[in-house]
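In: Return a 3D structure for these sequence lines:
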Amino acid sequence: FIIILFSSILAGKEYEIQVPVIENPKIKIDGYLDDECWKKAASVSEFIQLEPEEGEKPSCETEVLTWTDRTNLYVGFICYDNEPSKLRFSRTERDRFTQGDWIDIQIATDNPPTRVYVLFVNPAGTQMDFLCPNPKQADITFDLDFRSQAQILKDRWTVEIAIPFKSLRFKEAKHHHFRIEFARVFSHGEKDEYSSWIPHTKDEPNTFEKMGHLYIDVPLSIKHSIDFLPYIISAGKKEKGERSFDWRAGLTGKWWLSSDVILDCAIKPDFSQIEADAPQLEINTPFAFYYPEKRPLFMERKDIFDSHLPIVYTRTINDPVAVLKFTGDLSNNEVGYIISRDDQTLWVIPFQDMSFPVQTKEKSLSNILRVKHKFWKDSYIGIVTTDRESREAYNRVLSSDGELRILEKYTFSWQGALSFSREPNDTSIFSGFPWIMFDKYTSAFDGEKFSGNAFGAWLTSNARYFDSKTWYRSYSPTFRADNGFIQYNSRKEGGFNANLKFWPNRYGITYISPGLSFKKSNPYEDNTELKSTKGISLLTLLKNQITFSVSYKINSILYETQRFDELWTFDGNLSYFWGNYLLGVYGRKGKEINYFTYPAETGDVGLLGCWFNFTPFPLLKVNLSFGKYQLWNMQGEKTLESSTFVSEATYSVSQSATYRLNIQYSQGGYTFLSQVFSFKPTPFTLLYIGSNHTFQTSFSDREIEQDA
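Out: Here you go, the predicted structure:
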């Protein structure tokens, strides 16, 4: 999906829109496009297919209207349709619709474009959005405040959108030159049909350069305002007959110094999550898990802090008393700075074969600085520095990175880093393990001082029929990044991935992509092989919207002092999308290391799962899923079995009000039931009320305990 989206930004020639300015308009965002101001809007049409028939006319025409009142950019879509009764869509919470009919808008506020906002709306008016900080990356956690409504008529469906300029980041001027693209998915046929305003081909590289041009010849009205977002959370709990009550309150503020320079601050910010982190599937692993950032305070210009080496992982700022964050675009320099005082410090402690997340009550002070200087096309050079102080302990990282476009279709990236660390002198925080040493140092927190280094280089290419990536990365045994996420260190590793791409559009095959991959890891000090992986894969899209993929990998792993050869996994995935129904099955079979035994040994692994999503009518969406993981030891005895069944029903009372019921059963007799009613008029304003219940059945004594 993201590959298709990025490809839609390409173009063969320049397309332009001169946006009309309408002062003091009377408009209601209801999806009908019948207000007088729409008659004065600029209009574009004649969309061209990218998928499945490149360069052909779409099955149905699309027209897009645009105008502005200086405060908002208004966009209207007229999606002509001969059979609107067959539209595929559902009204869900924001960012939760997937396949089906929808339109999208891609906006870049700088020229040439370096960052693209992508907005989606489906026939129910449901919104989805993300941010592309470069042509090869999409931040799906990003939220943009915009209004939209849609209507389904006899021969078309229409969308009305208002995008506040306050939500975008751009330089203030008397005249504005933005870049823009429009696209549409027509989904109620044998194949999903993707068309866009600007014609393009798959021969062109993935860049933002050939987006259309959007001109606004007046200054835009952006107030340098200050927003305050207070919150209060209260909760009652009953556990084994005892009741308790807790509450928390805090304040978050945002100050627009200019349209693209923002100051965020917070006191006791709301870092609770209504949506729990997605369960990690790989449960047989010795490494710490990575979870994406979701907290609103850190989402503003989050991409500024990203780098190829994970030097910054803002979830290490765990429970701050106060946070100050500055982000902005100063000339051709992107700047980001975070300072935070944390009451509950999190360490992710890496070693060669494993890593440990350690949650503590330690207080710490974090400082993070990021600067990126942009130059030719998508290229940049930058620095990242972090510093975290805790009692007498500290960790400081200095890093430099960059990215250079070569011959249009190639990108070379690099990053180097130095770290300087002093551990806490308190083994009660982390006592370590006597058999784990790094360099000449113990694994416990016993006040040792050390420094380390890291380096990485990446070369990627993108062409019509071939994609590839070659990379190398190394971490010294003493490299730490306490404000980052270093899953392991003391390694040198490199690899190569390549994929062929074909669009036959015959014999029932729409798209087919075979691939191969290779990866090898060595200890930092020598060339002993720690791990090697060789893999082949095949992804196929068939007509009638059937997707099929398989992959096979062979692994050789040195874990601690044991060599494990002839490890292998075979994975398969099949999904079928028809009407308002989506069905999928997946499975894995193979031999892996059984980390639950000591010493570790080879074990047989089996994974089987399925899901079924359906929308009986647009206001109700039901998701059912089942997964089962099994692990056997060398004697054929089952050492681990885990299965989960999840049923989730979402009913949309309105576009901003939703009721959700979730029931999850896990092996061992645990049943989790949660229900929540939420009201979300904007992406940043939320009121909810709900409850969670846990039922545990003890099969040994047939007693039932209930926690609510």
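In: got the end-to-end distance for stretch 208-216?
Out: Stretch 208-216 stretches 20 Å from its first residue to its last (Cα to Cα, to the nearest Å).
In: Report whether Trp38 is found in a strand, as I expect.
Out: No - looking at Trp38 with DSSP: H, G, I helix; E, B strand; the rest coil, it is helix, so not inside a strand.
In: Touching, it and Gly76? I think so.
Out: Yes - applying Cβ atoms under 8 Å, one finds Trp38 in contact with Gly76, separated by 5.9 Å. In this view, the C-beta of every residue, glycine as well, is placed from N, C-alpha and C.
In: Name the residues contacting each of the two.
Out: Jointly contacting Trp38 and Gly76 under the rule Cβ atoms under 8 Å, 6 or more residues apart in numbering are Leu65.
In: Please name the residues that touch Lys202.
Out: Lys202 touches 7, 50, 54, 464, 501, 503, counting by Cβ under 8 Å, 6+ apart.
In: Figure out the helix or strand that it lives in.
Out: Here Lys202, judged by DSSP states H and E, is contained in no helix and no strand.
In: gap between it and Ala150?
Out: 30 Å (Cβ to Cβ, to the nearest Å).
In: again, but for Phe412
Out: From Phe412 over to Ala150 the distance is 43 Å, taken as Cβ to Cβ.
In: the more surrounded of the two?
Out: The neighbour count for Phe412 versus Ala150, taken as other Cβ atoms under 10 Å, is higher for Ala150 (25 against 15).
In: List the contacts of the residue lying closest to the more buried one once chain neighbours are set aside.
Out: In space, Ala150 comes closest to Gly125 once its chain neighbours are excluded; the distance is 4.1 Å by Cβ to Cβ, 6 or more residues apart in numbering. Neighbour list for Gly125: 31, 91, 148-150, 159, 655 [criterion: Cβ under 8 Å, 6+ apart].
In: Who are the contact partners of Gln415?
Out: 307-309, 399-402, 454-456.
In: I misspoke; the intended subject was Ser85.
Out: No contacts exist for Ser85 under Cβ under 8 Å, 6+ apart.
In: in stretch 319-329, what's buried?
Out: Going by neighbour count (16 or more other Cβ atoms under 10 Å), the buried part of stretch 319-329 is 320, 323, 325-329.
In: ok, residues contacting it?
Out: 110, 169, 171, 257-258, 260-269, 271, 297-298, 300-301, 304, 317, 334-344.
In: Out of those, list just those in strands.
Out: Residues of the contacts of stretch 319-329 located in strands (DSSP state E): 257-258, 261-267, 334-342.
In: Buried members of those into ChimeraX, please.
Out: This is how ChimeraX selects the buried members of those, with burial counted by 16+ other Cβ under 10 Å:
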select :261,262,263,264,265,266,334,335,336,337,338,339,340,342
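In: Pick out the most distant pair among the contacts of Lys202.
Out: Using Cβ to Cβ, the contacts of Lys202 span at most 13.1 Å, a distance reached by Leu50 and Lys501.
In: neighbour-wise, which of the two wins?
Out: Under the neighbour definition other Cβ under 10 Å, Leu50 and Lys501 were set side by side, and Leu50 has more, 26 against 18.
In: Quick check: pLDDT value at that one.
Out: On the pLDDT scale, Leu50 is placed at 86.
In: and what of the one 4 residues further on?
Out: Among the per-residue scores, Glu54 holds a pLDDT of 84.
In: go on, the one 5 residues further on?
Out: Ser59 is assigned a predicted lDDT (pLDDT) of 90.
In: now the stretch 451-600 of the chain, which segments are flagged as low pLDDT?
Out: Scanning the stretch 451-600 of the chain for pLDDT under 70 picks out the ranges 579.
In: That'll do, ta.
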